[in-house]
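**Student:** starting from these lines, generate the structure:
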Amino acid sequence: MRNFISGRYINQGTYQSFQPEKICRKWSIDNMELLNLLSQADRQLGRLDMYSEYIPNIDLFIGMHVLKEATQSSKIEGKKTNIEEALLDKEDISEEKRDDWEEVQNYIAALNLAITQLEELPFSSRLIRQTHKTLLSGVRGKHKLPGEFRTSQNWIGGASIADAIFIPPIHSTINEYMDDLEKFAHSQDFYFPELLKIALIHYQFETIHPFLDGNGRVGRLMITLYLVEKGILKKPTLYLSDFFERNRTLYYDNLMRVREKNDITQWFKFFIVGIIETAKSSISTFDKILKLQQDIEIRLQGLGSRSANANSIVKHLYQHPIIQAQKAKEITGLSMPSVYKLIDELESLKIIHEVTGGKRGKIYFFREYIKLFSNEG
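**Tutor:** Next up is the predicted model:
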């Protein structure tokens, strides 16, 4: 990687676009520090992946990982929706926050759909375009060609192309760049560690910037899809947007450092450190979930014959940690008076907390659980 050349600037008249070098070729690693980081990342991902096998009903908890990823990825784009707001229904969101809320919901839908499609569709331009279409459908970017590669020049930063921070390649070259990216993802002609492959794919995708809008969100979402498709993770349990958000300046600086100084090694180190830290954080979260489960089981024992219905509600809360009385009635089949009594008992046990303060349409959050996925956890 010592002789790596990122690309070159091409004169387009009033501006210069950056044309990256293609990536589907043989690569070699000559940095011992990077090799050491890769070894650490492999160990942490192996530990994280064990939870997919040993935690019963792990799919219950993955939804919250997706929710956290959606809010953090959108936060990088300047959106303001937090986890608790993302759990609410649209009518419970204030008018000024609904656009941000809708974009978070689209991210969740796009990621869930893409993970499902991986069962029959490989990591590919087709999958990326379909994911992008879901991401932008019906929201602020809906007029910016959802699901289609751009047919005009875009830019990053600046009020106009004249003062842009970075201008991606000309639109007529996008298909060949994306074909090259896809070939690299699946090439059997040479060996390159999968974690460095996705690090390079993410950099290249953000440099190509193939869509008019949503490139950052799709690029971050692709990381998890790749790890699952390659079998590095059995379940989608690792998401890097929280790491990128907490290190936002470094994230953008390291991407630009590759383009301006050909320093791909520093980008690889940053990315792999992100994998290590995020895997450790996810492992810690799963440990806290197991402890919370044990603690809540102990609390529910005091309910006697009502503990079975209470457990049914708690199981629902692990997947969707917000509930109203009507939903509790559907889950348990109890009469409304019995439901209200059970809800009161769950409140007194500090398992759920009412958040509206009203007498009607009360909404209850499973706050202890939600905090495990927020920066307070």
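
**Student:** buried ones in stretch 185-196, by neighbour count?
**Tutor:** 185, 192-196 (16 or more other Cβ atoms under 10 Å). (Each C-beta comes from the backbone N, C-alpha and C, glycine too.)

**Student:** wait, stretch 340-351
**Tutor:** 342-343, 345-346, 351.

**Student:** which residues are in contact with that stretch?
**Tutor:** Contact with stretch 340-351 is made by 296, 299-300, 302-303, 306, 309-310, 313-314, 317, 325, 328, 332, 334, 352-354, 364, 366, 368, as judged by Cβ atoms under 8 Å, 6 or more residues apart in numbering.

**Student:** let's see 7 Å
**Tutor:** Residues outside stretch 340-351 that contact it (Cβ atoms under 7 Å, 6 or more residues apart in numbering): 296, 299, 303, 306, 309-310, 313-314, 325, 328, 334, 352, 354, 364, 366.

**Student:** distance to residue 289 for the buried residues of stretch 185-196 - can I get that in CSV?
**Tutor:** Listed next are the buried residues of stretch 185-196 as CSV, based on distance: Cβ to Cβ, whole Å:
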residue, distance to residue 289
185, 32
192, 35
193, 30
194, 27
195, 25
196, 31
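
**Student:** okay if I get those as a markdown table plus secondary structure?
**Tutor:** Below are these laid out as a markdown table (DSSP: H, G, I helix; E, B strand; the rest coil):
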| residue | secondary structure |
| --- | --- |
| 185 | helix |
| 192 | coil |
| 193 | coil |
| 194 | helix |
| 195 | helix |
| 196 | helix |
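
**Student:** grab the most central residue of the chain for me.
**Tutor:** Among the residues of the chain, residue 69 comes closest to the average C-alpha position under Cα atoms, centre = their mean, at 3.6 Å.

**Student:** give me the nearest residue to that one, chain neighbours excluded.
**Tutor:** In space, and not counting its chain neighbours, residue 69 is closest to residue 239: 3.7 Å by Cβ to Cβ, 6 or more residues apart in numbering.

**Student:** now the worst-scoring helix or strand of the chain on mean pLDDT: buried residues?
**Tutor:** Lowest on mean pLDDT, DSSP states H and E among the helices and strands of the chain sits helix 59-76, with a mean of 89. Buried residues in helix 59-76, counted by 16+ other Cβ under 10 Å: 60-62, 64-76.

**Student:** which parts of the protein are strands?
**Tutor:** In the chain, the strands defined using DSSP state E lie at 7-11, 16-20, 322-323, 353-354, 364-365.

**Student:** packing partners for the first one?
**Tutor:** It stands for strand 7-11. strand 16-20 (3 or more Cβ pairs under 7 Å, 6 or more residues apart in numbering; DSSP states H and E).

**Student:** list the contacts of the strand it packs on.
**Tutor:** Here strand 16-20 has contacts from 6-10, 153, 166-170, 173, 204, 207-208, 259, using Cβ under 7 Å, 6+ apart.

**Student:** could you point out the longest helix of the chain?
**Tutor:** For the chain, the helix with the greatest residue count under DSSP state H is helix 264-300.

**Student:** which strands and helices sit next to it?
**Tutor:** helix 32-54, helix 194-208, helix 241-246, helix 248-261, helix 307-319, helix 367-372.

**Student:** kindly recompute the last result at 6 Å.
**Tutor:** In terms of contacts (3 or more Cβ pairs under 6 Å, 6 or more residues apart in numbering; DSSP states H and E), helix 264-300 is packed against helix 32-54, helix 194-208, helix 241-246, helix 248-261.

**Student:** now it and helix 307-319, what's the angle there?
**Tutor:** Helix 264-300 runs at 170 degrees relative to helix 307-319, counting by axes from the mean of the first three to the mean of the last three Cα atoms, to 10 degrees.

**Student:** any idea of the mean pLDDT in helix 264-300?
**Tutor:** Averaging pLDDT along helix 264-300 gives 95.

**Student:** try stretch 22-32
**Tutor:** Per-residue scores along stretch 22-32 average to 94.

**Student:** and if you look at stretch 48-57?
**Tutor:** For stretch 48-57, mean pLDDT rounds to 83.

**Student:** in it, what counts as buried?
**Tutor:** 48-49, 51-52, 55.

**Student:** that older thread, nearest to residue 321 among the buried residues of stretch 185-196?
**Tutor:** Residue 321 lies nearest to residue 195 out of those, by Cβ to Cβ, at 31.6 Å.
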